[in-house]
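J.: Sequence below, structure please.
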Amino acid sequence: MERIYFDNAATTALDKEVLDAMLPYMTTQFGNLSSIYSYGRESRLAIESARKSVAKLLNAHPGEIFFTSGGTESNNTAISCAIKDLGCKHIISSAIEHHAVLHTVEHYGCGEKMTRSVVKLLDNGHIDLEDLEEQLAAHEERCLVSLMHANNEIGNILDIHAVGNICKKYNAIFHSDCVQTVGHYHLDLRETPVHFISGAGHKFHGPKGVGILYVNDNVKIKPLILGGGQERNMRAGTENLYGIVGFAKALEMAMTNHEADSQYIQSVKDYMIEQLQKNIDGVQFNGDYKGKCLYTVLSAAFPKTEKSEMILFNLDMQGICVSGGSACSSGADQGSHVIRAINNNPNLVAVRFSFSKHNTKEEVDAVVAKLKQHI
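T.: Sure thing, here's the model as predicted:
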């Protein structure tokens, strides 16, 4: 049975060129980066070259890029350090953040010294910027604003510049989870008023277990992980050498081919919308799906029936990989907190389709044909 993979917002297939770039560092060039002999120095050079490459692609300074184990660690570090080192006493976030932010904010924002609040959402799932400004104006103490650049379930894209400028006005620290946009959009961090952003390699055909934390030069934080001098004393532990090399190669490929890839993927998404509307009675879509939205993500909502309630299971049995909202906690299916926050309709079943350059319109036809059987 041929498998159809429409869950690219969860993870993507590793590009062969990325694997080829990583292989030497998994086999012959394995020297420890902290060693003084040439073997180690070659490994150190590979990491610093990767850092320069990533910084150039994001228009940041190499000293602002720190390699981590992925988006979750980067988000945790930014939020924790904003509180411990930058004097933030109140956190403003949203109800539709990824759990890596949501749970971290809940953890730190529940004591006497720290408070937290959520910003209102508009009907289409976007952040209410007026409410954000009103909340910042109402707080005398320094605030941390943590809002994701693009939502992993409904695809809505935040106006990151508008939020950054509001934060600047009230001397707030701004962190944005950019896990769904690094590698998918051209980010210019010198021109973006943001203090921290997070990225993850496996969202754009790079390896799993490696990510970045961008820390703006004007911000001074202390390490979250202690024990060694790695990552310029900011993150102890032997570096994930081949992961970092792979991250940089994947980002370089993603940005080089961005225009063609994004147009193609958008055409697959548009075709899916068209075919679903044509073939499935009562289908709806979550979020601003035709407006400010990821070209990789489509959240569809199907009328609830005995058949459609089993839709993910039935599609899986037929080799079709999709997700019911966020896939990062699949197995513990309690429904999606994002869908609950924006469209809490018990008569609809949400399914997220997320696309990559490897998907085709023929695959869309095959999936829609199966959906017709199950709804």
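J.: Wait, Met22 touches Val245, no?
T.: Yes - using Cβ atoms under 8 Å, Met22 makes contact with Val245 at a distance of 5.5 Å. All C-beta spots, glycine's among them, are computed from the backbone N, C-alpha and C.
J.: Between these two, point out the one with more neighbours.
T.: Set side by side, Met22 and Val245 show more neighbours around Val245, with 27 against 22, by other Cβ atoms under 10 Å.
J.: Please, which helix or strand holds the more buried one?
T.: helix 241-256 (DSSP states H and E).
J.: which helices and strands sit right next to the very next helix or strand once past that helix?
T.: Next along the chain after helix 241-256, taking DSSP H and E as the criterion, comes helix 258-279. Contacts defined by 3 or more Cβ pairs under 8 Å, 6 or more residues apart in numbering; DSSP states H and E place helix 258-279 against strand 297-303, helix 361-374.
J.: most tightly surrounded among these?
T.: Highest mean neighbour count among the helices and strands packed on helix 258-279 (mean count of other Cβ atoms under 10 Å): strand 297-303, with a mean of 23.
J.: mind saving the C-alpha coords of that strand as CSV?
T.: This file holds the C-alpha atoms of strand 297-303, laid out as CSV (Å, rounded to 0.1, in the frame of the first residue of the first chain):
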residue,chain,number,x,y,z
VAL,A,297,-1.4,24.0,6.5
LEU,A,298,-5.1,23.5,5.9
SER,A,299,-7.4,22.8,8.8
ALA,A,300,-10.7,21.3,7.6
ALA,A,301,-13.8,20.7,9.7
PHE,A,302,-16.2,17.9,8.7
PRO,A,303,-19.8,17.4,9.8
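J.: next SSE after that strand?
T.: Counting by DSSP H and E, what follows strand 297-303 is helix 311-317.
J.: gap between that next one and the chain center?
T.: 25 Å (Cα atoms, centre = their mean, to the nearest Å).
J.: cool, and stretch 112-122?
T.: Relative to its parent chain, stretch 112-122 has a centroid offset of 21 Å by Cα atoms, centre = their mean.
J.: which of the residues in that stretch are buried?
T.: 114, 116, 118-119, 121 (16 or more other Cβ atoms under 10 Å).
J.: can you tell me which of the residues you listed are in strands?
T.: Assigned to strands by DSSP state E, the following of the buried residues of stretch 112-122 qualify: 116, 118.
J.: of all the buried residues of stretch 112-122, which comes closest to Ala138?
T.: Val119 (12.3 Å; Cβ to Cβ).
J.: Which residue comes closest to that closest one once chain neighbours are left out?
T.: Leu132 (4.8 Å; Cβ to Cβ, 6 or more residues apart in numbering).
J.: tell me which element the one you found falls in.
T.: According to DSSP H and E, Leu132 maps onto helix 129-138.
J.: go on, Arg232?
T.: Here Arg232 sits within helix 230-233, counting by DSSP H and E.
J.: ok, residues contacting that helix?
T.: 33-34, 63, 66-67, 223, 236-239 (Cβ atoms under 8 Å, 6 or more residues apart in numbering).
J.: Weed out the non-buried ones from the residues you listed.
T.: Neighbour-count burial (16+ other Cβ under 10 Å) applied to those gives 33, 66-67, 223, 239.
J.: Any regions of the stretch 201-350 of the chain where pLDDT drops low?
T.: 325-334 (pLDDT under 70).
J.: can you pull the contacts of Ser34?
T.: Contacts of Ser34 by Cβ under 8 Å, 6+ apart are 40, 228-230, 238.
J.: Pick the one among the buried residues of stretch 112-122 closest to Ala10.
T.: Leu121 (23.2 Å).
J.: pLDDT wise, what is the closest one at?
T.: pLDDT, Leu121: 97.
J.: From Leu312, how far out is it?
T.: Per Cβ to Cβ, to the nearest Å, Leu121 is found 25 Å from Leu312.
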